[in-house]
Structures are given as structure tokens and as C-alpha cells.
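J.: Give me a model of this one.
(chains A, B and C)
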Amino acid sequence: MNAIIHPDLLFPAEPGVRSLARALYAAVKDLPIVSPHGHTDPRWYALNEPFPDPARLLIVPDHYIFRMLFSQGISLESLGVPRLDGAPVETDGRAIWRIFAQNYHLFRGTPTRLWMDYVLSHLFGIDTSLTAATADSSYDAIAEKLADDAYRPRALLERFNIEAIATTEGALDDLRWHQIIRDSGWNGRVVTAYRPDAVIDPDFEGFSDNLDQLADITGCDTGLWKGYLDAHRTRRAFFKTYGATSTDHGHASAETANLSDAAAEELFNRIRRGSTDERERRLFRAQMLTEMAKMSLDDGLVMQIHPGSLRNHSAAMMARFGRDKGFDIPTHTDYVAALRPLLDAVGLEPNLTVIVFTLDETSYSRELAPLAGVYPALRLGPAWWFHDSPEGMRRFREMTTETAGFYNTVGFNDDTRAFPSIPARHDIARRVDCAFLARLVAEHRMREEEACELAIELAHTLAKKAYRL
Amino acid sequence: MNAIIHPDLLFPAEPGVRSLARALYAAVKDLPIVSPHGHTDPRWYALNEPFPDPARLLIVPDHYIFRMLFSQGISLESLGVPRLDGAPVETDGRAIWRIFAQNYHLFRGTPTRLWMDYVLSHLFGIDTSLTAATADSSYDAIAEKLADDAYRPRALLERFNIEAIATTEGALDDLRWHQIIRDSGWNGRVVTAYRPDAVIDPDFEGFSDNLDQLADITGCDTGLWKGYLDAHRTRRAFFKTYGATSTDHGHASAETANLSDAAAEELFNRIRRGSTDERERRLFRAQMLTEMAKMSLDDGLVMQIHPGSLRNHSAAMMARFGRDKGFDIPTHTDYVAALRPLLDAVGLEPNLTVIVFTLDETSYSRELAPLAGVYPALRLGPAWWFHDSPEGMRRFREMTTETAGFYNTVGFNDDTRAFPSIPARHDIARRVDCAFLARLVAEHRMREEEACELAIELAHTLAKKAYRL
Amino acid sequence: MNAIIHPDLLFPAEPGVRSLARALYAAVKDLPIVSPHGHTDPRWYALNEPFPDPARLLIVPDHYIFRMLFSQGISLESLGVPRLDGAPVETDGRAIWRIFAQNYHLFRGTPTRLWMDYVLSHLFGIDTSLTAATADSSYDAIAEKLADDAYRPRALLERFNIEAIATTEGALDDLRWHQIIRDSGWNGRVVTAYRPDAVIDPDFEGFSDNLDQLADITGCDTGLWKGYLDAHRTRRAFFKTYGATSTDHGHASAETANLSDAAAEELFNRIRRGSTDERERRLFRAQMLTEMAKMSLDDGLVMQIHPGSLRNHSAAMMARFGRDKGFDIPTHTDYVAALRPLLDAVGLEPNLTVIVFTLDETSYSRELAPLAGVYPALRLGPAWWFHDSPEGMRRFREMTTETAGFYNTVGFNDDTRAFPSIPARHDIARRVDCAFLARLVAEHRMREEEACELAIELAHTLAKKAYRL
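T.: Predicted structure coming up:
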């Protein structure tokens, strides 16, 4: 037992329910991790170099961490976050770590706190709380471990008991790191996923050039609608050769469209000529979700839709630091009308899997559970991003299960760049699901053996099945 | 005690709270059922014929069941759901039942599971869980019971201890089954309710013909606004002679209007001439809610508004199987602006009762509780449809009570076609309310004797009072 | 111990969690009250006259109470609420009190019930429940106490252990009562707050006259944009001399704008000339929020935004009784797009504090916590108005903490005119927070000593810091 992570973490306090939760958790805690969607860097697994210093590994790239510190007046520069203009930022990992340690109380009640405690405890063997006083000792302890070969990426992947992990690459990526992984003969299962936003969204930086590049890569004429679609097909097939079983789509809304071929072609032509009409650009994104779904029906790639984040809310921060700096804010997102065209086209297909996520929890019980509870092609992704948290995951179960059941959900996604935290995230998800199931058993809404079956499904099997891994 | 329904079903696990919940439940469990709004078929009570086989009684007509099975790739044809084109579908009840039994795990965590277990256990005396292995034995056990006179509709209504039950009939219905019930001398209390959507909603199939038919039935000139309103008054009076105490209105939104008489008349004339202007058609529906409310003020019929369901989301399924096949999806619904015209007209009348329902839980604490907590004419209907579930009913209480209190709510509605499940639905509602009240007592927010009074109000009295039954 | 308020009020039933909650509460229950935002009348503290009779003190001015009674058919006239037309209303306090007592059961499950029980018990020493039978005895007991000098405003403020309390005055107020308080030499800390709605909102009654009056008071030319802004600066400075540390803004929406100086000036000119263009009027309100924020950056006044209430929903009640009669209804409120212009202008300033409130709980986890969790200038106000209730405050913590943490919140606001209930409101907030923290400790999400630190922050320190008191 470790002082900073209790074995009963997140289990309900009532002794009877806690005892049930413990029993369920015992059945799942050592199951291998299936990580079907995430953003770890395939280069790590390819090169298997040591990770950098503790701050550069755990603080600098973690938007959950630097956004909270920034919200309390701490500059991103002092946390080592690079500026686009190349102006100097803190480079001393120890100094960055000290700021984090001094302000660790800000994370009380947040999942970051739980993830970090878990990493400190389970991965780095630290058993004292992180404070200003323990900043240096914990920094040194982590740094020492990171120098050890047992802390290189491949060793960690094995230690983490990761059965399969998906990275996410853009449509233009050459997948070289995946090639190196494959060539290496290492038996870790790292697969890619097809993320074509840069060649689908006319608002994406360099959209037109991206399409030219797509033509170069595929030999398809992306000046024509048919050629453009063929280029997607070609890239999807290429991604599949690197193990991809899914695509991923990050759109501002869940809007889809179901135009006739002729109308879609005409729209593409206008977009390709650089239409600046916002409605046309939106419509093109919407139509492309449906096109991707149709291709999924053909090639079997599971489709993921991650809508509803208003990216880069602060123009000043975008200009200074670029994307992904904690300024992506959820917005109200409609699904009922938005998904209807796509569902009209392919929603009744039992061999298609479209996994929908949301940042708008109001849609759980009102829209998403009712939709996923009837359309064979639709599944609900787990609580996402800000909602990947104990209360968020609990609300997800409470608000979706009664209408969609458990079997229209797809297990857990860690969806993270923060490789060391992956076991923590899966562990917390397992604990929250066991706690939820334990309550159902304690209230006689389910038998214990059913809950045990479900705990295993939620922790392992559903993700494998849904993502065809 | 029966193995598949525990006496403590849905009571909180903490022993002190559970003990309070048990005590409250003991005071209400045997109270007669008041079912003030539902969709059972009056023909059953009129003819009192035996129910059909287990599948045709319990599976084929239950949209909660077939939508979940369909969502997991099971065709509606294999479940015996009739096709509009008359193409063959499964007719063997046992085969349908087997599919259900094999897939019963899909319903884990859903209210369907609780209702079905309750029915199997309490109504049919089955004490083994439903699985593929027990499919045939349970089918046989149910079939045997259904052949017994004690399982005919009237006997069940009495066994269920149903003090009063309302069916729902369209404005053009001749209420013949209600006439037969009345003529039979049977003392079961089955009343009708006035549901005029087909003669109010210009988008309803055959709207114009429906109005002609309304003229024929009533002798009123439905070509004129005054005659059209008189026709409604006539039908409402006719329905009252069959015990109706309420009207019911299923609109796509909660929009109401409060036009001048002249403007309303002009609008009616345009609608009657077949206006295809969507705004006019919406405005007419909106105006008619207010007209119905004004008539309620005169004739004392309690008005129910059930808004916010987008019907028949899948055009393909609508074409193949018709309405009510599980493809009605809730949408975001506004009440604050939408109800204002109606409330301006009649909202301050203490002798009027307008019961509003929602499928959009976000409106509970934001809109509906604040409105019902001040307008004398307004009451909140219970958690509806997808939210008629343990978590849904708990959220309803947690999000409405603090602002609207208990006395601006109206007890429970089963709102179901599934006659055998009525006791299960009321029992679950009573248990959830007792659990909620027990928590308030345990947290010293209310005295136990107050909770006991309230448990009885919520289980029985409020429905009788609100619906004037 | 008093029979009607239990020492364990609002603590979770599970004995282990309850024990933790008690321990946390013991650390905060006697902390002084900081009331940084509210609506008590400074005249009370200035003149220190005895309060009127029990009904006029506790019922007639309390919109929570009369709205609930009204919703159940009791007229406002019978409750002594004055009519605008001067028509007679009940003036016998005892008669009003009897109505309240007879209908006290309507408040079961509401915060009003808890506040009232607390006041009856802790302030007036009444230990029997309020019912028709005890109406007269409780009335007499309260009336007797109110005649005692120990129940005058200043004595109560001291007895309530109120360290500081803010009132709210309009921009045109002469702050005479605050002057009298200051001149009196009394050492109670009563400060004002700057509420300029009447000179910012073109829809406010008498807007144009108000601006003329603003010119008279300040000597600034409010016919000119620069003069108008200077007039605000002058009044803000004047309010600061009476202890103001904050401004307050009650807008229909959270919309802000960030126009160029020239565009803002042009807009002002059109508004000043009486533009009736609703878009312009909205834009002016929006722009003024940003102007106020910029002034706050200069003068250090903390800015509060209270958006999203649709005021005076019933035109008839507005005409008969005027504003603030329980007919203000929350509406759907957007923050992500609405606040962006203001945040673009000043959101990154760590020395600015903008406290945002909401009546739309859906924005907690979707919008407000993500925004407050990254913008240094933004803080979340506590659960407001209808949500200032045990369930409402619990939802606030559950839905904001994981993304915004505790330190981007600002403690409790009682926000009330109901002076006698202030200790009750703070006590309940402290209990709810202790209950929430106790659960986190019991689930090992936080150590007990951390929870104790936080309990003190939430009960006392955060409000002082955020409001600079």
C-alpha cells in the first residue's frame, strides 16, 4: 500500500457497497489495457529513447496542468511552454517542477491530482505528497528512474500491460514511425488511426496545399471529386496496413449532410476553388462526415466523431503559443438534427460502427442515449476530455445507461498524449465503473455476477469489440 | 420473497436510509393505483378477451424492447413487428421470445429490465432469471397463465388494484369501447382523455379530412373558426360523458400563442385553405394550445402538454414500419418563452390545471420548476418516457423540488400501452420517491412523519387531485 | 440542541462520511461571515430602528415565500404584498403569518424551509414546528423578540458575526445611509457595491433621464461618450470611498462586445439619441460590460456579472405588483461566445477579477468551469438564486470542481434582502461544502487535512480574497 493512493480510491463509502466495488474491481484491475484512441507519439515507441526530464515529460506538454496554473496567474513562459516567436521561456526542468509542486493544491478535486498521484506512486515509487517541500526530492527520484532503461517507452508499454494502443495521425502522415516500429520486430501493438481533418476542413491551415499534397502522395487527382474521394480511400487503405482500425474526426459541430452525388461534386468544386462562403464550408465538412461513414461501411474502419470544441478561444494566446494550449472550450452541441443526414444514409447498417463523443453533457440523456439506443450503427464514446473524471464518468453512466444500456457504449478511451498517466486513467475509469455497478447491485437492480461480467466488458472487452482490435 | 425482485429494490444501501425507505414504502406499497394518463387499449376492458401469446403481449408492442434489440443489430422483422408493406415477419411467439431471452443482458441497467423482472415475478410467478436457457420454460409458464380467466384484462385491472385508469383517444374516436365498458355494468373505472392532435396539427396525416369528419360528428361547421372551436367544445363535452377529466397534446415544441380573436380567425382560415407556410402551421398549433387552455378553464378538463419529441427520426424506418417504432428522439425544448403567451392568457387562474412534461431534463431546474413554482395554473408532470426510470425520477426530484416543491407536481404517470407492467412502473416510482424522501429525512431536511405524508401524496393523492379523478 | 434544526443537518447519512463532515464543519461553523454580495438595506444599519412585525420582516418581502404560496392559489394581496394601484391588501401581520403557517408544508424539500426553521430556532428560540396550530404562539414569540434592542439591525449584525457585508446601490444613489453609518462611529463593516444597470441598459425605466441625472451628480457631460465614461469613473471612485470593492451587473444575457473606441462612441451617440433598434441596445449593453471590465482593471473593483434572468415573465403581475414579485425566470444562457469579446480585451489580466454567475446549470461543466479554469481574470460565483439550495450547491461543486478546481471559485454569496436569514444561508452553504469534501475524503480523493484547509477557504478566505475585502 502506498500512502498517496489508497486501495479504496473512488469506492463509495458505505461499507456494503464498497465491499461490492472491491470485489468487482478485483476482477478487472489486472486486465490488460486496450487504448483504442489516443495521442501518444509513435516516435517514442519507434526510437525507444529515454524520456526527457520530469517537467518536460509531465508538466510542459500537459494542457490540464498548465491551464490550471495559468488560470491562477502563472505564466506559460515560466512553465516552459514554447512561444511561437521564439522568445525565451523557462528551460530548467527543476524550476518548472517547483512551480508545479508549490501550486499542487490548486488541483485538489481534479482528475489531474489523481492521475499525478497515481503516476508518482505507482510508476515512480514516491510515497510522500507533492508539496513545495518535496519538490526537489520528487524531481530527483523521477529523474533517476527516467534514466533507467526500464523507463524507456517500450518497457513502459509492456509494464503498463497495454495490449494494444492506437496513435492518431493526419491523412498526410507518412507513418514512418509506425514503419520503424514494425521493422523493429518488437511485439508491442501500436496501431495508427486516420485523422483527415487537414484535408476535409476548408478552414484548416493550408487546406488547399494539403489537397495538393494528398494528390502527390496518392497519385489521385484531388482537383476532382472522384479523385479526392479515391485519395481518401487510398490513404485509408494505407493506414490499415499499419494496423488502423479507426478514423477520427474533430469537427466544430456534429453537423452532417447527405447530398446527392451531383450536389456533393458541385460543392467540392466550389470548395476546391476556394469558396469563402461559410455555409458552403460548413456543408462540405458535414457532407464529408457522411462520405467517411460510407467508406467505413466499405473498408470496416470504425468512425469516431469528436465534435463541439470551440478551439483557441483566446486569439492572443493562439498568436503567442499556438494551438492546444488549454483554450479549447466546449459549446452547446446538437446531435438529433445534426446526425440525421448521416444516419439516414448509413445509420441502419449493423456492420458499421460510428462512435460519437460529446463535451455537452446535456446531450447524454436527451439525445445521445436515445439515438444510440436505436440506431445499429451508433455507439457512445466514453466521457470525454473535461468529463474524463470521476464525476464526469459517473454522470455518463447515470445519464446514458437507462436508455442506451451498457452494450451501446465502447469502454474507456484515455485519449491522451500523457503516456505515463495511461494506467492511472484506465484504473480510475475501472474504479468508477465498478463503483457504479456496485451501487446497482446494492440497490438490487442487478445481480452481482452480472455486474462482474459487465465490469470486464467495460474495462476490456467492449473496447476491443467496438474498435475491432 | 422472489429471487429476481428483491424487497429492497432501489432502496439506498446505507442501512439507516434503507430502513427509513422501507418504512415509507410500507405506507404506500398497497395503495391503489391511480393511472391518470396512459395508452392502454379500452377494447381490452370492453371485450375482456384473453391476451395473446407472451411475445405478442410483452415484446412485439413494446418500443423500449424492440428499439434496444434493434440497436444491437436484431431486425424488427425477427421480432414480429409488422411491416407496412405486408412483407412476412416472424409470427412464432416462442421464436420471438427466445431472441428476447438470449439478449436479455442488453437490458441490464435499464428500466425495462426492472419492469420485466417484476412482471415475470409478481404477475407470472417466475423466479428464475430470464436467459436463453430459461426462455422456453418461462414462455410456457406465461402462456399457461394467460389462458387462465384470472389473467383477462378486467381481472388483472382488479388484481392490480387500479382505482382509476385513463386511456387516450383521438378527437374523432367514437368511444365505442368505453360505451361497451359502461354498458357492461363492470365496476372498473376506465375513463378516456381527449387527444385532439389530428384535428389541431396541420401536419397530421389527413388533417383536412379530419376536420371534415369532425364537422360530420359534431354538426358544427369546421369551415369557420367559431364552428371549429364549437366542434372542440362539443367533443370535449362528449368525452367528459365517458369520464374524461383531461386533455392531452403532443406537440413538437411547447410553443404557444395568444392571438387576438380576429387574428386567430384569419389564421384558421388560411390553415383551413391548406396553407403550406410552416410558420403559419406552427403558429396555429401554438394558438390552439391556448384555445384548449381557455376551454379547460370553462369545462374543467385538466390540460396535459407533452412536447419536444422529434418523431420518426429515421425516414427509412418510418416508411418500412410506420410510427412509434422507437425512432422518436427528444430535442432541446424551450419553455420560458414558449409558454409565455398561454400563461399570459390563463396562467394566473387557480382553477385551471395545465400539466407540462419534458424530455429535456435541462429544463427541470432552469425553467419548469421556476415556472411551476409561481404560476397557479401550472403543474409539473412526472419524469417522462426515457426519464421514467430510477435515475430519471431521482433527477426529477433533485432538480425540481427545491424550487417547485412537491405540491406543484402531480404524482406518477405510467403513460404506457404495456398493461401488464403498470404495477411494476408504479411500484418503482413509489420506491424511488421513498428513497428520495428517506435521504431527506436522514439528512434532517424533513421529519419522518412529513416524509410519510408526502410518500402517500406522491403515490396516490396528488394524482387524484391534479387530475380531478 | 433544538428540535427543528438537527446538528447533523445536511450531512450524508453514512456514518463514516458523516463523521468526517462533522469534523470539517467544526472547523468552520464559528468562522465570521463574509457577505460580499447582497441586497440588505443600508438604512437598517444607519437608523438601527427595530424591525417591523414578524410577517413584514419575514414574509412580505420574501419572493421565495410568496411565489410558492401564490403558485398554490393564495393571492399576493392576502400576503400583504403592496399593489401598484394602491388597492387594499392585508395589513394584519398576524393574519399573513397564519396563512404562511397553515401552508408551511408547501415548503417541504425547499431551502426556504431550512432557512425559516433555522431562523425560528436559532434566532427566535422557537423549538416547535411551524403549523396552523403554532402560528399564533410563534408570531408572538417573534414579535416579542423584535421589540428587544438586541434584535435591532446593528446588534444582529454583531450577533451574526458578520465580519463584512456589502449592500448594492444604483449608480445614482447618494449613499446617504452609508454616510450615516460611517458618521455614527459604529464599527460594523457595511460597504456598498456599484450597480449601474439604470445608466447602462437603454431598456431600463427612465434611461435617458438617468443619464441626465448622472451628469448632474458628476459634472460630466453624459451627452458625450468620453463624458459618460468619465461619469462612471467618477461614481465608481465615489462608491469606493464608501468601501465598495465590487460592481454588479444584471443583464439579460452574458453578451459582451469589444468595439473600437470610434465604433463604441458612435454606438453611444445613437443610443443617447434614443435608438430603438434592439440590436443596437443589446450591443450597447454588451460593450458596456467590457468598458466596466476595463475600468475595473484600473480601479481594482471586482466585477460581478449576473446574467440570464428573464424578468417579469407575467405582464399582468408586473402591472399589478411591479418588479421582483417572483416572476423572474431563468433562461438558457451562453457564455462561450458571449464572454469572448470581454475576455479578448482583458481576460488574460491576472490583476482583474470578473466573477460570473449563472442560472443555467448546464453551463457549469460545459462552459463556465472550462473558461474559469484557464482565464486568469475569471472566477465562478457560487450557485445562484434558485440554485442556492442544498442540491443546487452540490451540483455546482460536482460539475465545476474537476475542471475549475476550488480556487477559481469565490466562496459563498447570500445575495439576499432577508437579513435574518443570512446566518442560515451561510451555515447551509458551509454544511453542503463540508458534506461534499467529506465524500472526497471518504473516497480517498483528498486527505482530511486538505479538506479542512479547503473548508476554511470555502467558508471564509476565498470570499475575502476574491472580493478584496
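J.: Tell me, how many residues neighbour whichever residue of the stretch 351-469 of chain A sits closest to chain C?
T.: Per CB to the nearest CB, residue A:389 is where the stretch 351-469 of chain A lies closest to chain C, at 4.1 Å. C-beta coordinates here come from the backbone N, C-alpha and C atoms, glycine included. Residue A:389 sits with 25 neighbouring residues when counted by other CB atoms under 10 Å in any protein chain shown.
J.: mind saving the C-alpha coords of stretch A:173-188 as CSV?
T.: C-alpha atoms of stretch A:173-188 as CSV (Å, rounded to 0.1, in the frame of the first residue of the first chain):
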residue,chain,number,x,y,z
ASP,A,173,1.5,11.5,-42.4
ASP,A,174,4.0,9.0,-43.9
LEU,A,175,3.6,6.8,-40.8
ARG,A,176,7.4,6.4,-40.8
TRP,A,177,7.5,5.8,-37.0
HIS,A,178,4.9,3.1,-37.4
GLN,A,179,7.1,1.6,-40.1
ILE,A,180,10.1,1.7,-37.8
ILE,A,181,8.1,0.0,-35.1
ARG,A,182,7.1,-2.7,-37.5
ASP,A,183,10.6,-3.2,-38.8
SER,A,184,12.0,-3.4,-35.3
GLY,A,185,10.4,-6.8,-34.6
TRP,A,186,9.2,-5.5,-31.2
ASN,A,187,6.0,-7.2,-30.4
GLY,A,188,4.2,-4.2,-28.8
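J.: From the chain's centroid, how far away is that stretch?
T.: Offset of stretch A:173-188 from its chain centre (CA atoms, centre = their mean, to the nearest Å): 21 Å.
J.: Show me what counts as buried in it.
T.: Using 16 or more other CB atoms under 10 Å in any protein chain shown as the test for burial, stretch A:173-188 gives A:173, A:175, A:177, A:178, A:180, A:181, A:186, A:188.
J.: Can you tell me how far the second one is from chain C?
T.: Residue A:175 sits 33 Å away from chain C, taking CB to the nearest CB, to the nearest Å as the criterion.
J.: follow-up on the earlier one: sort out for me which of the buried residues of stretch A:173-188 are in helices.
T.: Using DSSP state H, the members of the buried residues of stretch A:173-188 that fall in helices are A:177, A:178, A:180, A:181.
J.: rewinding a little: could you report the pLDDT at the residue of the stretch 351-469 of chain A closest to chain C?
T.: We have a pLDDT of 98 for residue A:389.
J.: thinking it is in contact with residue A:383, fair?
T.: Yes. Using CB atoms under 8 Å, residue A:389 makes contact with residue A:383 at a distance of 7.4 Å.
J.: Could you work out the end-to-end span of stretch A:256-276 for me?
T.: The first and last residues of stretch A:256-276 sit 19 Å apart, counting by CA to CA, to the nearest Å.
J.: Average pLDDT for it, rounded please.
T.: 97.
J.: tell me which residues of it are tucked away?
T.: A:256, A:257, A:258, A:259, A:264, A:267, A:268, A:271, A:272, A:275.
J.: Adding secondary structure, write those residues out as TSV.
T.: Shown next, in TSV, are the buried residues of stretch A:256-276 (DSSP: H, G, I helix; E, B strand; the rest coil):
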residue	secondary structure
A:256	coil
A:257	coil
A:258	coil
A:259	coil
A:264	helix
A:267	helix
A:268	helix
A:271	helix
A:272	helix
A:275	coil
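J.: Kindly indicate which of those lies nearest chain C.
T.: Minimum distance to chain C across those is 21.6 Å, recorded for residue A:256 (CB to the nearest CB).
J.: ok, that closest one touching residue A:337?
T.: No. Look at residue A:256 against residue A:337 with CB under 8 Å: they stay out of range, at 9.6 Å.
J.: Low-confidence ranges, chain A, go.
T.: By pLDDT under 70, the weakly predicted segments of chain A are A:1-3.
J.: Need the outlier residue of it, farthest from its centre.
T.: residue A:262 (35.4 Å; CA atoms, centre = their mean).
J.: right, and the helix or strand after the helix or strand hosting that one?
T.: Using DSSP states H and E, residue A:262 sits in helix A:261-272. Per DSSP H and E, helix A:261-272 leads on to helix A:278-299 as the next helix or strand towards the C-terminus.
J.: Would you check how far apart the residue nearest to residue A:387 when sequence neighbours are not counted and residue A:288 are?
T.: Residue nearest to residue A:387 in three dimensions, not counting chain neighbours: residue A:361, with 6.3 Å by CB to CB, 6 or more residues apart in numbering or on different chains. According to CB to CB, to the nearest Å, residue A:361 and residue A:288 sit 27 Å apart.
J.: neighbour count winner among the two?
T.: Taking neighbours as other CB under 10 Å, residue A:361 and residue A:288 compare with residue A:288 leading, 27 against 24.
J.: number of nearby residues for residue A:145?
T.: By other CB under 10 Å, the residues close to residue A:145 number 16.
J.: With residue A:446 instead?
T.: Neighbour tally, residue A:446, other CB under 10 Å: 20.
J.: mind listing what the single nearest residue of the stretch 201-350 of chain A relative to chain B touches?
T.: For the stretch 201-350 of chain A, the residue closest to chain B is residue A:350, as judged by CB to the nearest CB, at 3.5 Å. Going by CB atoms under 8 Å, 6 or more residues apart in numbering or on different chains, residue A:350 touches A:376, A:377, B:73.
J.: Just give the nearest non-adjacent residue to residue A:132, would you?
T.: Nearest residue to residue A:132 in three dimensions, chain neighbours excluded: residue A:102, at 4.4 Å (CB to CB, 6+ apart).
J.: The one you found: what's it in contact with?
T.: For residue A:102, the contacting residues are A:131, A:132, A:135, by CB under 8 Å, 6+ apart.
J.: Show me which of these is closest to chain B.
T.: Comparing these against chain B with CB to the nearest CB places residue A:131 closest, at 34.7 Å.
J.: could you give the angle of the helix holding residue A:262 to helix A:278-299?
T.: Relative orientation of helix A:261-272 versus helix A:278-299 (axes from the mean of the first three to the mean of the last three CA atoms, to 10 degrees): 120 degrees.
J.: these two touch, right, residue A:334 and residue A:253?
T.: Yes. At 7.4 Å, residue A:334 and residue A:253 qualify as touching, with contact defined as CB under 8 Å.
J.: ok, stretch A:248-259 near chain B or not?
T.: No. With CB under 8 Å from any CB of the partner chain as the criterion, chain B is not reached by stretch A:248-259; the gap is at least 10.5 Å.
J.: now what about that stretch, what contacts it?
T.: Contacts of stretch A:248-259 (CB under 8 Å, 6+ apart): A:37, A:168, A:193-197, A:200-201, A:267, A:282-283, A:285-287, A:289-290, A:292, A:303-311, A:333-335, A:338-345, A:356.
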